[in-house]
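Novice: A predicted structure for the sequence below; I have some questions about it.
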Amino acid sequence: MILFRYLTREVLLTMSAVAGILLLVIMGSRFIRYFSDAAEGDIPVTILGSLMVFHLPGFMELILPLSFFLGILLAYGQLYMNSEITVMVACGMSPTRLLRVTLLPASVVAVLVGLCSLWLTPAGALQTEAVLEEQRSRLDVSVLAPGRFQDFGGGRTAYISSFSSDGTEMQEVLVHEQAASGADVTHDYVTRAGSGYQETSMETGSRFLVLKDGERYGITPGKQAAERLTFERYTLRLGLSRNRQELDSLEYASTNALWNDTDPRAKAQFQWRVGLPLMVFILALLAQPLSRVNPRQGRFAKLLPAVFLYVAYLSLLLAAVDAIGSGALPVAIGVWPVHILFLGLGGLLLWRSQRKGMR
């Protein structure tokens with residue numbers, strides 16, 4: 001029991017350190033991208049935290065298997081370096097028994113990966129896309145930055161000089177509306193107003209930009225004539241809120257919905273989600289014999305080949321998922337040959353390790 005707790009602690013501590021570093025790098029990269037979008041006015045800064053939380057399960061379902069794989073390699077490699085494995089062998093520890101010890105933390109990691117892949121990741125992806133879609137479908141004064149021209153989709157560009165003290169009213173507003181290609185109306189409209197604010201119709205859910213005390217010009221490119229309209233109050237309709245039910249991509253579908261769907265793309269997505277927890281056990285089987293190193297080589301001697309092996313495993317899984325979705329690979333075969341291939345490879349490596357002994 002003491003030996004079991006010691007090995008489990010070493011593996012989990014190393015895995016946590018590796019997972020923390022990988023998560024920091026990946027989430028940092030995504031945060032920089034979202035922060036850049038916020039600086040350009042595409043999304044409000046207030047939703048950055050929510051977006052990162054929604055993305056967390058999707059990161060963890062890929063980071064945890066790799067972290068556990070590297071955790072076993074580094075932890076057991078250090079045991080070989082310190083000759084602790086030699087002591088365990090003298091006490092009767094065999095590769096099979098060491099594998100049984102490794103499978104319990106692997107079960108914990110597999111449960112966490114399964115929780116992410118089967119439930120949390122699709123739910124988080126749906127929430128993320130719903131938030132971004134809502135921002136794309138409406139003009140929200142919270143994303144406007146004074147003194148900058150900002151694009152809001154639909155051929156609209158807006159500029160404001162400042163906000164009021166409470167942040168609800170815009171001062172010195174300029175809105176440019178470009179005619180859509182193929183539209184009957186070929187005018188470009190430029191609207192200038194002394195102030196403006198956004199309001200939402202409670203009955204229809206439509207959003208409007210209300211401008212006060214300004215002028216509106218209709219300009220046709222290539223012509224010198226222009227239309228001019230002065231107004232005390234002018235309302236621009238910005239659009240309707242979109243329903244989350246419109247987001248019907250398989251990436252956002254629940255696992256139960258994928259199980260009941262007969263579409264090959266849905267089956268491919270289902271097999272991908274189910275295969276990730278299974279991948280944890282196969283990686284544990286591969287990592288144990290790969291962690292066996294000569295003290296003169298150092299514990300990082302087999303780290304690079306192991307990473308290449310993991311990349312090959314993941315790449316083949318993704319290729320199989322694409323082949324199933326395109327119809328090139330039957331659903332009945334699915335991604336399981338890839339798992340069986342690496343399971344067989346792990347069994348072969350473990351058998352060779354047992355044959356040579358754990359010296």
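Specialist: Good, I have the coordinates.
Novice: what's the domain layout of the protein?
Specialist: According to automatic domain parsing, the chain comprises the domains 2-136+247-356, 143-241.
Novice: tell me the most buried of the ones you listed?
Specialist: Mean neighbour count (mean count of other Cβ atoms under 10 Å) peaks for domain 2-136+247-356 among the domains of the chain, with a mean of 17. C-beta: built from backbone N, CA, C; applies to glycine.
Novice: quick check: mean pLDDT across that one?
Specialist: Confidence over domain 2-136+247-356 (mean pLDDT, whole number) is 85.
Novice: where does residue 250 fall, phi/psi-wise?
Specialist: phi -60, psi -20 (degrees, to the nearest 10).
Novice: residues in contact with the closest residue to residue 18 other than its chain neighbours?
Specialist: Leaving aside its sequence neighbours, residue 18 sits nearest to residue 67 (Cβ to Cβ, 6 or more residues apart in numbering; 4.3 Å). By Cβ atoms under 8 Å, 6 or more residues apart in numbering, residue 67 lies in contact with 15-16, 18-19, 22.
Novice: let's see 10 Å
Specialist: Going by Cβ atoms under 10 Å, 6 or more residues apart in numbering, residue 67 touches 12, 14-23, 60, 109.
Novice: For residue 114, see how far away it is.
Specialist: Distance of residue 67 to residue 114, given as Cβ to Cβ, to the nearest Å: 16 Å.
Novice: Repeat that for residue 341.
Specialist: Residue 341 is 21 Å from residue 114, by Cβ to Cβ.
Novice: repeat for residue 350
Specialist: On the measure of Cβ to Cβ, residue 350 and residue 114 end up 24 Å apart.
Novice: cool, and residue 234?
Specialist: 55 Å.
Novice: Please state the offset of stretch 113-131 from the chain centre?
Specialist: In terms of Cα atoms, centre = their mean, to the nearest Å, the centre of stretch 113-131 is set 9 Å apart from its chain centre.
Novice: Same check on stretch 253-262?
Specialist: Per Cα atoms, centre = their mean, the centroid offset for stretch 253-262 relative to its chain is 20 Å.
Novice: can you give me the end-to-end distance of that stretch?
Specialist: 13 Å (Cα to Cα, to the nearest Å).
Novice: Just to be sure, the residue nearest to residue 18 is in a helix?
Specialist: Yes: applying DSSP: H, G, I helix; E, B strand; the rest coil, one finds residue 67 inside a helix.
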